[in-house]
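A.B. asks: I'd like to go over a predicted model; first the sequence, then the structure.
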Amino acid sequence: MKQIAFLGLGHMGAPMAANLLKAGYLLRVFDLVQSAIDTAVAQGASAARSARDAVQGADVVISMLPASHHVESLYLGDEGLLAHIAPGTLVLECSTIAPVSARKVHHDAAERGIEMLDAPVSGGTAGAAAGTLTFMVGGDEAVLEKARPVFEAMGRNIFHAGGDGAGQVAKVCNNQLLAVLMIGTAESLALGVANGLDPKVLSEIMRRSSGGNWALEVYNPWPGVMENAPASREYEGGFMSALMAKDLGLAQETAQVSGNSTPMGSLALSLYRMLLKQGFAEKDFSSVQKLFNS
Ligand code: NAD
């Protein structure tokens, strides 16, 4: 499993590909943006002229694309990439997409004798650069064991979430919870400060009390409380609000399919849409604090 075709060299894909090169894999890369290919080539990858060209002779195909429709249109249909991937090849689809889209690719891949895992990630661009991503994997566990060394070159925690699409389900559940916790933290901080509390003092009290959560531990949304959090640098860097809104939309789609009631997720999506409209789409998702401070 030495030859890897890597498709999609954006914010996440570029550093993931760089870590695979550092681990000694041979990469043939393709992106719609030529400069992204050039950067990877400068790091030791070889350039492909198209996605089809990239997968020729590959043992593993990795894709890291924006959204469901990019993945479906890349892989599926008579002209889709699956028709050009040799049986026995391993496809690791790492984009965050709807579980139903992932299952469509699983289904068509299996029909062609191609092994596939849905493997969305958590950890952001910093985790991608440091090689410490968390992979949430859906598909056959035996296939995951084959792919494990490849994942380990890019990440630290590799979880088997369950069968086909389960990685995507785990990812949307996690991000829905993350959004709800962040919004609740921002709302409580604003309430406390409006009633005379110091945000640092209140944050420490809640962190060590029953309201303690990940935002209070490492990602406080109030500017100046945590030196290294995006809130203390004008919400620059981190995880964009637009991507959080995308993931909350996927959670709603998933709930629609299973008939689940997700009132907190639905409200979180509405609040993030409001935040996007106020011009914070490209700011870190902890900028949701702004909705409560004005
Ligand atoms: P991005 O938009 O920066 O990168 C996507 C890349 O895919 C672009 O370079 C684009 O040109 C390329 N692309 C699109 N269609 C293509 C095709 N048919 N063939 C080849 N290349 C194609 O996005 P990103 O931030 O790298 O995110 C990728 C995925 O990872 C998304 O699903 C996102 O939700 C998820 N994710 C992102 C983060 C983050 O912090 N950015 C964190 C976790 C998960």
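C.D. replies: Perfect, thanks for sending it.
A.B. asks: measure stretch 111-126 end to end?
C.D. replies: Between the opening and closing residues of stretch 111-126 lies a distance of 37 Å (C-alpha to C-alpha, to the nearest Å).
A.B. asks: now it: mean pLDDT?
C.D. replies: pLDDT averaged over stretch 111-126 equals 95, rounded to a whole number.
A.B. asks: Now do the buried residues in that stretch.
C.D. replies: For stretch 111-126, burial by neighbour count (16 or more other C-beta atoms under 10 Å) applies to 114-125. Glycine gets a C-beta too; all of them are placed from N, C-alpha and C.
A.B. asks: closest point of this structure to the ligand, which residue?
C.D. replies: Nearest to the ligand, among the residues of the chain, is residue 10, at 1.7 Å (C-beta to the nearest ligand atom).
A.B. asks: which SS class is that residue?
C.D. replies: The assignment at residue 10 comes out as coil when based on DSSP: H, G, I helix; E, B strand; the rest coil.
A.B. asks: ok, it - contacts?
C.D. replies: 31, 36, 64, 66 (C-beta atoms under 8 Å, 6 or more residues apart in numbering).
A.B. asks: Please list which of the residues you listed are also close to the ligand.
C.D. replies: Contacts with the ligand are made by 31, 36, 64, 66 out of these, judged by C-beta under 6 Å from any ligand atom.
A.B. asks: Can you list which of the residues you listed are found in helices?
C.D. replies: With DSSP state H as the criterion, helices contain residue 36 from among the ones next to the ligand among the contacts of residue 10.
A.B. asks: Under the pLDDT cut-off, which ranges of the protein? List them.
C.D. replies: Low-confidence segments of the chain, defined by pLDDT under 70, span residues 1.
A.B. asks: Spell out which residues of the chain are next to the ligand.
C.D. replies: When proximity is defined as C-beta under 6 Å from any ligand atom, the chain approaches the ligand at 7-13, 30-33, 36, 51, 64-67, 70, 74, 95-96, 121, 124-125, 239, 243, 246.
A.B. asks: Just the buried subset of those, written out for ChimeraX, thanks.
C.D. replies: Of those, the buried ones go into a single ChimeraX selection, burial set by 16+ other C-beta under 10 Å:
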select :7,8,9,10,12,13,30,31,36,51,64,65,67,70,74,95,96,121,124,125,239,243,246
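A.B. asks: any idea which helix or strand comes after the helix or strand harbouring residue 216?
C.D. replies: Taking DSSP states H and E as the criterion, the element that holds residue 216 is helix 214-218. Where DSSP H and E defines the elements, the next helix or strand beyond helix 214-218 is helix 241-258.
A.B. asks: which outside residues touch that following helix?
C.D. replies: 67-68, 96-100, 168-169, 171-173, 175-176, 178-179, 260-262, 265-266, 268-269, 272-273, 275-276, 280-285, 287-288.
A.B. asks: same thing with stretch 223-234?
C.D. replies: The set of residues external to stretch 223-234 that reach it, using C-beta under 8 Å, 6+ apart, is 199-200, 203, 218-222, 236-238, 283-284, 286-287, 289.
A.B. asks: again, only using 6 Å
C.D. replies: Applying C-beta atoms under 6 Å, 6 or more residues apart in numbering, the external contacts of stretch 223-234 come out as 199-200, 203, 219-222, 237-238, 284, 286.
A.B. asks: Please apply the same query to stretch 67-83.
C.D. replies: If you take C-beta under 6 Å, 6+ apart as the criterion, stretch 67-83 is touched by 51, 65, 95, 97-98, 101, 105, 108-109, 112.
A.B. asks: just stretch 282-294 next, same as before
C.D. replies: Stretch 282-294 has contacts (C-beta under 6 Å, 6+ apart) with 182-183, 186-187, 190, 221, 230-231, 235, 238-241, 244, 275, 280.
A.B. asks: Let's see if you can find the most crowded of those residues.
C.D. replies: Ranked by neighbour count under the definition other C-beta atoms under 10 Å, those are headed by residue 221 with 30 neighbours.
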